[in-house]
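> Just need the structure, nothing else, for what follows:
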Amino acid sequence: MQLNSSIVVPQDIRHVWRFLGDPLTAPLWDRSIAEVIPLSTAPVGVGYEAMTVGPSGKRQRFRITQYDAERELAFVLLESRLFRRAELAFQLDRVADGTQILHRIDLDLRSPLLAPVLRLMSPNALGTDMEYLREALAKDAHD
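Numbers count the residues shown, from 1 in each chain. Okay, the predicted model is just below:
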C-alpha cells in the first residue's frame, strides 16, 4: 500500500533540506510525534537511528535509509505490530515557486483488514501534516 502527498513551499531547497533533514524538527510539524530521541551518536545520515515518542507515549524506532542532500530523505520503521514494513520518504525538487515536497509512505500491512481503514483516514491525515510542515517551514524562515 502506498500513500502520497505533495506541496509546494516558497522556501528554497537548501532551507527545506536543512529543516527536513534534521530528525529533531519532526515534532514541529508531525502531529504523531511529541519527541525525537537520537539513538545514534554519529551525524545524521544513512544508518542513523532515532526513537519517536507520540503524544500518547507510544514509542517507535526508525533508521535512515536514504540521505541525499537537497534531494531525498527516507527512513524505515524498525518495529511495528501493524506493519511488516513501513518506509517513509521525502523527495525535494526545485520548482519556479520554491520547492516541491513529495511525501511517500510505503506500507506492508500485517493484516489486509487494515487497508480500507488506512485508505479512508490517511489522505486527510497526511495532507494535514503536510500543511503543518508548510507552516513550520514558514515559521522557521522567520526565526
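> Residue ranges in this structure under the pLDDT threshold?
Across the chain, the ranges flagged by pLDDT under 70 are 111, 113-124, 143.
> can you give me the strands for it?
2-9, 35-38, 49-53, 59-68, 72-77, 83-95, 98-109 (DSSP state E).
> could I get the first one in PDB with only the CA atoms?
Output in PDB follows, covering the C-alpha atoms of strand 2-9 (Å, rounded to 0.1, in the frame of the first residue of the first chain):
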ATOM      1  CA  GLN A   2       1.400   3.400  -0.900                       C
ATOM      2  CA  LEU A   3       0.200   6.900   0.200                       C
ATOM      3  CA  ASN A   4       1.400  10.100  -1.400                       C
ATOM      4  CA  SER A   5       1.000  13.800  -0.700                       C
ATOM      5  CA  SER A   6       2.800  16.800  -2.100                       C
ATOM      6  CA  ILE A   7       3.000  20.500  -1.500                       C
ATOM      7  CA  VAL A   8       5.000  23.400  -3.000                       C
ATOM      8  CA  VAL A   9       6.500  25.800  -0.400                       C
END
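> Report the buried residues of it.
By 16 or more other C-beta atoms under 10 Å, the buried positions in strand 2-9 come out as 3, 5, 7, 9. To be clear about C-beta, it is placed using only N, CA and C from the backbone, and glycine gets the same treatment.
> from these, which is closest to Ile105?
Distance to Ile105 across these (C-beta to C-beta) is lowest for Leu3, with 4.4 Å.
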